[in-house]
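Novice: got a structure for you, letters missing:
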């Protein structure tokens, strides 16, 4: 029996839509399970990012110093790093705050629009970076999978190709299916 591919997924500054689309693979997840072991993900209980990961799907932009620390550790321990969805590829929705800056965004959300407990959270919440960034501005990205979110068909195709050692040709796919 050949060793399974070590797969990780992570969710940074985004909405979790890419992970929801990943789950929409549905019964095809069983096909993947024959070839991959999910070693880290919001979908499993692992607390520390492991070493020697073959493929990591990274959802979300870099929005905090904590995100930057995570992505650097992930890059050091991952053979193929995949920017998974538009937030990871371009910073998409998280970057909508960039023209205003982190401080102005926090004031607008927590002081101007809150009526009961007006305060900007500081404990247990990582500080925002001045601007949200796409992954490739901090680390080397091996593959970009666009979509908001990418379709389940696109995700399944991408993973299937990577598992077989091929580079997926994403130019032949629609965002809405294969």
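Specialist: Received it, and whenever you're ready, just let me know what you need. Computed from a predicted structure; not experimentally measured.

Novice: in the chain, where is pLDDT below threshold?
Specialist: Flagging of the chain using pLDDT under 70 yields the residue ranges 1, 173-178.

Novice: and the strands in it?
Specialist: For the chain, applying DSSP state E gives strands covering 5-11, 36-40, 53-59, 62-64, 78-84, 128-133, 143-145.

Novice: distance check, residue 109 against residue 128.
Specialist: As for residue 109, its distance to residue 128 is 11 Å (criterion: Cβ to Cβ, to the nearest Å). The C-beta positions use only the backbone N, C-alpha and C, and glycine is treated the same way.

Novice: which residue ranges of the chain form helices?
Specialist: Taking DSSP state H, the helices of the chain run over residues 17-23, 28-33, 65-76, 86-90, 102-107, 152-163.

Novice: most neighbours per residue, which of those?
Specialist: helix 86-90 (a mean of 26; mean count of other Cβ atoms under 10 Å).

Novice: what's in contact with that helix?
Specialist: 12-15, 18, 58-61, 83, 92-94, 134-136, 144-149 (Cβ atoms under 8 Å, 6 or more residues apart in numbering).

Novice: out of these, which are buried?
Specialist: By neighbour count, with 16 or more other Cβ atoms under 10 Å, the contacts of helix 86-90 hold 12-15, 18, 58-61, 83, 92-94, 134-135, 144-149 as buried.

Novice: re earlier: between the helices of the chain, which gets nearest to residue 51?
Specialist: helix 65-76 (8.6 Å; Cβ to Cβ).

Novice: the closest one versus strand 36-40: what angle between them?
Specialist: Orientation check (axes from the mean of the first three to the mean of the last three Cα atoms, to 10 degrees): helix 65-76 against strand 36-40 gives 140 degrees.

Novice: what's around residue 120, how many residues?
Specialist: 12 (other Cβ atoms under 10 Å).

Novice: so it sits right up against residue 106, yeah?
Specialist: Yes: here residue 120 reaches residue 106: they are 4.9 Å apart, a contact under Cβ atoms under 8 Å.

Novice: who does the spatially most central residue of the chain bridge with?
Specialist: Residue closest to the average C-alpha location in the chain (Cα atoms, centre = their mean): residue 59, at 1.2 Å. The partner list for residue 59 in beta bridges (DSSP bridges) reads residue 11.

Novice: ok, it to residue 22 distance?
Specialist: Counting by Cβ to Cβ, the gap from residue 59 to residue 22 is 9 Å.

Novice: equivalent analysis for residue 150, please.
Specialist: For residue 150, the distance to residue 22 - Cβ to Cβ - is 9 Å.

Novice: try residue 9
Specialist: In terms of Cβ to Cβ, residue 9 sits 7 Å off from residue 22.

Novice: any residues in contact with both of the two?
Specialist: Common neighbours of residue 9 and residue 22 (Cβ under 8 Å, 6+ apart) are residue 57.

Novice: right, I'll call it a day here.
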